[in-house]
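A.B. asks: Make a model of this:
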Amino acid sequence: MLNAVRRVLPRNRGLAGQVWKEMNQQITNYIRGKVLEMIVVGIATWLGFLLFGLNYSLLLAVLVGFSVLIPYIGAFVVTIPVVGVALFQFGAGTEFWSCFAVYLIIQALDGNLLVPVLFSEAVNLHPLVIILSVVIFGGLWGFWGVFFAIPLATLIKAVIHAWPDGHSSSALNNRIAQD
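C.D. replies: Reported below is the predicted structural model:
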C-alpha cells in the first residue's frame, strides 16, 4: 500500500513544494482581492443608490457586493431585486432609468476595469492574461471555467515559474530558498 501512495506522490517534491507554496500565497491574495472587490462594488452601488434616494439602498448594495462571488450569474440574479425596488419606487420614468443606468455602469466597470486591474495586482498576472483566461476557460468549461479562470491561470503561472529549466536541482533549490 505504501508503494501505491509513493507512486502517486511527485518524484520531485521540491517542485511540488514550490508550486504548493506559490499557490497558497496566490489563493490567499485572490481571496483578499475578492473581498476588496466586494467592498468596492458594494460601496459604489450604495453611493449610487443613495444619490437617487432608492429605498433599501444598503441592503441592495450588500446584495450587489456579494453578487461578485458568482461571475455574471450573480449580477444577473441581483438585478431582479434592484429593478423591482426601483420600478416600484420610481415607476418606469426617467429616475428609474437613470438609477438602472448607474447600476449597469457599476457592473460594467467592475467586470471590465476593476477585476482585471485588481486581480493583476493581487495574483501578479497581467490584466490581459486575466481577461484571456476568463475567455479561454469560460469557452472550455462554461460557467465553471469563468468561476475558476483566475485561480487556474495562477496555477499555470506557478507551475511554469517553478518548472526546472534544465539546470541542476541546486538551481531549483536556490529558487525555492529565494521565495
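A.B. asks: Averaged pLDDT, the helix or strand that Ile131 is a member of. What do you get?
C.D. replies: Following DSSP states H and E, the helix or strand that holds Ile131 is helix 127-147. Mean pLDDT, helix 127-147: 89.
A.B. asks: and the next helix or strand along the chain from it with helix 127-147, angle?
C.D. replies: Using DSSP H and E, the helix or strand that follows helix 127-147 in sequence is helix 149-162. Helix 149-162 runs at 120 degrees relative to helix 127-147, counting by axes from the mean of the first three to the mean of the last three Cα atoms, to 10 degrees.
A.B. asks: by contact count, what packs against helix 149-162?
C.D. replies: Where contact means 3 or more Cβ pairs under 8 Å, 6 or more residues apart in numbering; DSSP states H and E, helix 149-162 is packed against helix 13-52, helix 127-147. Glycine gets a C-beta too; all of them are placed from N, C-alpha and C.
A.B. asks: Which of the ones you listed sits closest to Gln107?
C.D. replies: Gln107 lies closest to helix 13-52 among the helices and strands packed on helix 149-162, at 8.3 Å (Cβ to Cβ).
A.B. asks: now that closest one: how far from the chain's centre is it?
C.D. replies: The chain centre lies 6 Å from the centre of helix 13-52; the measure is Cα atoms, centre = their mean, to the nearest Å.
A.B. asks: can you check stretch 53-67 too?
C.D. replies: Distance, centroid of stretch 53-67 to centroid of chain: 20 Å (Cα atoms, centre = their mean).
A.B. asks: next one: stretch 127-137
C.D. replies: For stretch 127-137, the distance to the chain centre is 11 Å (Cα atoms, centre = their mean).
A.B. asks: What are the contacting residues of it?
C.D. replies: Outside stretch 127-137, the residues that touch it by Cβ atoms under 8 Å, 6 or more residues apart in numbering are 71, 115-117, 119-120, 125, 145-146, 148-150, 152-153.
A.B. asks: can you pull the buried residues of it?
C.D. replies: Pro127, Val129, Ile130, Ile131, Ser133, Val134, Phe137 (16 or more other Cβ atoms under 10 Å).
A.B. asks: In a markdown table, list the helices and strands packed on helix 149-162 along with distance to Ile80.
C.D. replies: Shown next, in a markdown table, are the helices and strands packed on helix 149-162 (distance: least, Cβ to Cβ, whole Å):
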| stretch | distance to Ile80 |
| --- | --- |
| helix 13-52 | 15 |
| helix 127-147 | 18 |
